[in-house]
Structures are given as C-alpha cells and as structure tokens.
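Enquirer: Let's see this in three dimensions:
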Amino acid sequence: MRGISKNFGPVKANEDVNLEVTPGEILGLLGENGAGKTTLMNILFGAYQPDAGQIRVNGSPVTITNSADALAAGIGMVHQHFHLASRLTVLENLLVGMPGRNGRLDRAGTLARLAAIADEHGLKLDPDSPVSGLSVGEQQRLEIVKALFRGARLLILDEPTAVLAPSEVEGLFAALRSMAGQGLGIIFISHKLNEVRALTHRCVVLRHGKVAGRIDAPADTTASEMARLMCGHEIVPPVKGLSRPGEPVLALAGISTAGHAGMKLHDVSLTVRSGEIVGVAGVSGNGQRALADVVSGMVRPSSGEMSIAGRKVTAFTPVEVQALGLGRIPEDRMTTGLVTNLPLADSMVLPRIGTAAFSSKGLLRPGAIRAFAEEQIRAYDIRCPGPFVRAGALSGGNLQKALLARELAFDPRVLIAAQPTRGLDIGAARFVHEKFLDLRSKGCGIVVVSEDLEELLVLSDRIAVMYEGRIAGVVDAADATVARLGLLMTGAGKAGAREP
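Expert: Numbering: from 1, shown residues only. As a prediction, the model looks like this:
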C-alpha cells in the first residue's frame, strides 16, 4: 500500500500511509482506537475506496472496489465481528457464494478442502455442526477457514484474540505460524502487546491516521515501548489500592435459568458489596453472558432471587434494575448497547430519554441531549466528528467509551460490565480501569465479566469462576494466579472455602 489517504468529512482517517507485507511474514498493525487501522484494512479489503494512493499485489497495481475483488487478488479478512450465517452448518457457510460444479453445490470438493486445511493448519471443524452451536473460538476458526478456502494468500485478522480463552489463543497462534510457514502473509491487528511481541515478525504503528513508527524486532521491544509509540506518552498502570467493602449492593441467591445464550445457569449465588470489584472469569459459553443478562434485567430466571441495594427485583426488566441503581455495559455494544443507525447523542441518552433531564411533557429537549453528549465526548475522549455522527460510524473502542460514559454519568450503585475493554487500546483500557477504580472508591459495587484474566487480576478484589453454568469457586485476588483460575475454568480446580 503506497501513499494511502482517506478522509471522512473533516476527519483524516488515513494520511499518506505506506505498508507492505511479504510472503511468510506476520506483520503487526498497532495503534490507538481511532488511529486508522481498521479503515486502512477496509480499504485493502474493498469496503472503502482510498482518496489517494495505490495498492500493489505481487508487484502489480490492483483496483479493489469490493470484497470479491479482494478475494480474487488473494486477500482475505477476518473481521472483529464475524460474518457468518448462524442457521447454516459449517459446510454450508463455506459453500455460500461459491459457483459450484455443473450448477450444483460441490459438497464433496468442499469437504475434501476442509479436511486438507484442517490437516495443514490444525483448524479442525465438524462440517455438519450448525454455526449457532459453535463456540466463539470455533466461529473464528471458521472465518479463517473461509478465507483460506477462497484462496487467500494474505490474511487480515482484526483483533482475533479479543474473544478467545488462553488455550484458544495458543491454538490460533499455532495455526498462524503454520500458515506463515507455508508462505502466507498475515496482518495481525491487536491491542494485546505481549501477544504482538510473541507472534509478529515486524510491526507498523499508526497514530492519528499516520505511520508513527516501525518496529523491526517486536520480540526485543518491551510492551511499554510499544505503548509509548502508539500513544505518544508513557502508560502507567493504575494503582488499585485497598478495598473497603461495605454492605451488599447486589445479591443473587439460587439463580437458575431455563436456557439462555447457549448455557443454563444452575443455582448461582453471588454477593457484591459496595466498594469492591468482583471479577467473573470463565471460558466463553459457560454462563457468563446469561449471568450478565439476568443481572441486567434482560432475562428472568426460572428460580432464585436477586436484590439490588437491599430491594428485591421482581419484574426482571432493564427499566426496573436501572431504577434500583444498576448501570450496564453489555458485551455486544453493536446490538444491545447502542443503536448504531441513530446519532451518537440519541444513543447516549436513550435509556433515560423519558427523564426530566432530556424531555418535558412528552417533548424531547434537543439542547440538553446535545449538551450531555458533548460533555461526555470531551470527558471520555470519544474521537468522532461530533454528537450527531451516526453511532455505527465510530470505531469499536470509541463505541465502548460512549457506553461507559453513558452509564457512569448517572452514578450507579451497582455496575455490571461485560468484556469492558474488549478491542480497546492500552491507553483506553487504562482509562476504563481508572474509572472503575474511582467508582469503587466512591462505594459502587462492580461486576466485571471478562475473558482477559490479566485484566481481572489487575482490577478485582475477588474473582468468581464459572464452569458449565455454575460458579466453580470464588478466589481472593491476592491468592489468584492465571494457572489457578485456568484450572477452575476447566472444572479441574478447587477454589477453597471462600464464600461467594
């Protein structure tokens, strides 16, 4: 890519960017949220057209106007949010869009190619499994297989480890190294700098749409040096300090569900006190999402009780739990967090649109809505053209900051945050952590559901581990290690006698 530039109105998403990848190379692409990484890759994959610059593949200029052109040029992309048909099987997802043979779907040829890819790179999948029944890691594996199946010689991976458990990350890295060993070029976008150091051969760093630097030996470069190049300043980890837990602000007793999000809850009991952070760990699909949705009032349990600040929850609706003082940062910011087709300002006030702050006698107060959004954009450094930009036009990290701003602006008694820093750069993640610790010091009780064990160890006072819809154990953060939590996550460990 030579001299690539792309503007969205007054925002310069990319400015005169040069980037190259050679066969067998794993190139890291680093930068803060909004630095232009995903825009650059969307240009390479045909989702956007550059305002200036040229793309060459194998030395020859190419014009890429859509994803079909990209695939024809041997370029595949695995997006942060997967593009799969959930009601179809693995095999049927591979067949979608393929020409077939003599007017018929080439099932036999597809099965043979799927088996060959599995043998070559360890990417094993059951061809008859419906996508809706696959784990997140298996869905990602299918996205990679789709790209290879269509002949990709350059593979773009946008935040591929954000949704994976540690064991799944190891499997992914083994597959990527195998692909590179067979001559594929790989562009690896990630905010997890230790993973970048372990995997990539070279890195390009973007800042404010420009190339801020290049790293020729990532393994010999510290994560703090990478972070400084990304952010332009030193990143200092937040100081957790001692917790002073008070009275219970969230209590679950014997919560079970009939079936939700692929995993039932079974007799889950958990107490969160004011002034403490309780982390919830577990391999994806072991009930964490169902737990978050019950606490958020999205799902009514089949049995058990829940109370917030001493008041029993009866209706289990978002309106009820919000009125009792609960703030919610959902796992899926694109569908249950913000309304991406609305202006950002509208999405940021929507849960409280009927309150006196934003409406009067059934009429909206546009000035108040705009002022609130502008205040939060400044306070949380949400990088966007303004409060009335379409919410879906923001980067994932900026969407996450908008969600955080919306919920924290109203001083919740309890906050439940599911995957709160997924896809955030190191500076933005530190900002979120500081906000949580500040809330904790003010007496808020916080539940952090995360598959990032390092994040839970940094933030939590206690960590509850879920396995097959149950709480396998609760460990004091002072006694927790990645190894011990990992055993509990697989159902093999013991947490000790700590009460939930």
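Enquirer: Tell me the first helix or strand C-terminal of the longest strand that the chain contains.
Expert: Under DSSP state E, the strand in the chain containing the largest number of residues is strand 248-256. Sequence-wise, the next helix or strand downstream of strand 248-256 (DSSP states H and E) is strand 268-273.
Enquirer: sec struct for R328, please.
Expert: strand (DSSP: H, G, I helix; E, B strand; the rest coil).
Enquirer: Now do the same for the spatially most central residue of the chain: its pLDDT.
Expert: For the chain, the residue nearest the mean C-alpha position is R422 (3.4 Å; CA atoms, centre = their mean). On pLDDT, R422 comes in at 78.
Enquirer: And for the one 4 residues further on?
Expert: Per-residue confidence (pLDDT) for I426: 83.
Enquirer: Please name the residues that touch it.
Expert: Counting by CB atoms under 8 Å, 6 or more residues apart in numbering, I426 makes contact with H191, L193, A223, A227, M230, C231, I235. Every C-beta, even on glycine, is put in place using the N, C-alpha and C of the backbone.
Enquirer: Where do the helices of the stretch 101-250 of the chain begin and end?
Expert: Per DSSP state H, counting those that start in this stretch, the stretch 101-250 of the chain carries helices over the ranges 107-121, 136-149, 166-181, 193-199, 223-231.
Enquirer: Single out the most deeply packed of those helices.
Expert: Mean neighbour count (mean count of other CB atoms under 10 Å) peaks for helix 136-149 among these, with a mean of 21.
Enquirer: could you say what helices and strands that one packs with?
Expert: Under the contact definition 3 or more CB pairs under 8 Å, 6 or more residues apart in numbering; DSSP states H and E, helix 136-149 sits against strand 75-78, helix 90-95, helix 107-121, strand 154-158, helix 166-181.
Enquirer: re the thing from before, which parts of the longest strand of the chain are buried?
Expert: Neighbour-count burial for strand 248-256 flags P248, V249, L250, A251, L252, I255, S256 (criterion: 16 or more other CB atoms under 10 Å).
Enquirer: Same question for stretch 309-320.
Expert: Residues of stretch 309-320 classed as buried: A309, V313, F316, P318 (neighbour count, 16+ other CB under 10 Å).
Enquirer: Only C-alpha atoms, please: export it in CSV.
Expert: The C-alpha trace of stretch 309-320 is given here as CSV (Å, rounded to 0.1, in the frame of the first residue of the first chain):
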residue,chain,number,x,y,z
ALA,A,309,-29.2,-2.2,47.3
GLY,A,310,-31.4,-4.3,49.6
ARG,A,311,-34.5,-4.1,47.4
LYS,A,312,-35.8,-7.3,45.8
VAL,A,313,-36.0,-7.5,42.0
THR,A,314,-39.5,-8.7,40.9
ALA,A,315,-40.1,-7.9,37.2
PHE,A,316,-36.5,-8.5,35.9
THR,A,317,-36.7,-5.8,33.3
PRO,A,318,-34.0,-3.3,32.3
VAL,A,319,-36.2,-0.4,33.5
GLU,A,320,-36.7,-1.9,36.9
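Enquirer: Tell me who's in contact with E331.
Expert: R289, A292, A418, Q419, R422, V449 are the contacts of E331 under CB under 8 Å, 6+ apart.
Enquirer: show me what contacts the fourth one?
Expert: In this structure, Q419 makes contact with A162, V163, E331, V449, S450, E451, judged by CB under 8 Å, 6+ apart.
Enquirer: From M263, how far out is S450?
Expert: 17 Å (CB to CB, to the nearest Å).
Enquirer: For those two, indicate the residue with more neighbours.
Expert: S450 (23 against 20; other CB atoms under 10 Å).
Enquirer: name the element the closest residue to that one other than its chain neighbours belongs to?
Expert: Leaving aside its chain neighbours, S450 sits nearest to L456 (5.5 Å; criterion: CB to CB, 6 or more residues apart in numbering). Assigned by DSSP H and E, L456 belongs to helix 453-459.
Enquirer: Each with direction, which strands does the helix or strand just after that helix pair with?
Expert: Downstream of helix 453-459, the next assigned helix or strand under DSSP H and E is strand 462-467. In the sheet, strand 462-467 lines up against strand 277-281 (parallel), strand 470-476 (antiparallel) (DSSP bridges).
Enquirer: Need those in a markdown table (columns: mean neighbour count).
Expert: Formatted as a markdown table, these follow (neighbours: other CB atoms under 10 Å):
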| stretch | mean neighbour count |
| --- | --- |
| strand 277-281 | 28 |
| strand 470-476 | 21 |
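Enquirer: and of the ones you listed, who's closest to R2?
Expert: strand 277-281 (44.7 Å; CB to CB).
Enquirer: who are the neighbours in contact with A428?
Expert: E32, N33, G397, Q400, K401, T421.
Enquirer: If you could redo that for L250, that was the one I meant.
Expert: Residues near L250 by CB under 8 Å, 6+ apart: L270, T271, V272, V295, M306, S307, I308, L326, V414, G445, V447.
Enquirer: Please identify which of those is nearest to G122.
Expert: Nearest to G122 out of the contacts of L250 is V447 (CB to CB; 35.6 Å).
Enquirer: In a strand, that closest one, correct?
Expert: Yes: counting by three-state DSSP, V447 is located in a strand.
Enquirer: my read: I463 touches A480, true?
Expert: Yes: checked against CB atoms under 8 Å, the pair I463 and A480 is within contact range at 5.3 Å.
Enquirer: Residues that sit against both of these two, list them.
Expert: L456, L457.
Enquirer: Looking at the two, which is more packed in?
Expert: Counted by other CB under 10 Å, I463 and A480 do not tie: I463 has more neighbours, with 28 against 22.
Enquirer: Which strand residues bridge the more buried one?
Expert: Applying DSSP bridges to I463 gives these bridge partners: G279, V475.
Enquirer: which residues does the residue nearest to S450 contact?
Expert: If you count contacts by CB under 8 Å, 6+ apart, then L456 has G279, A281, V448, S450, I463, A477, A480, L485 around it.
Enquirer: Fine by me, we can end here.
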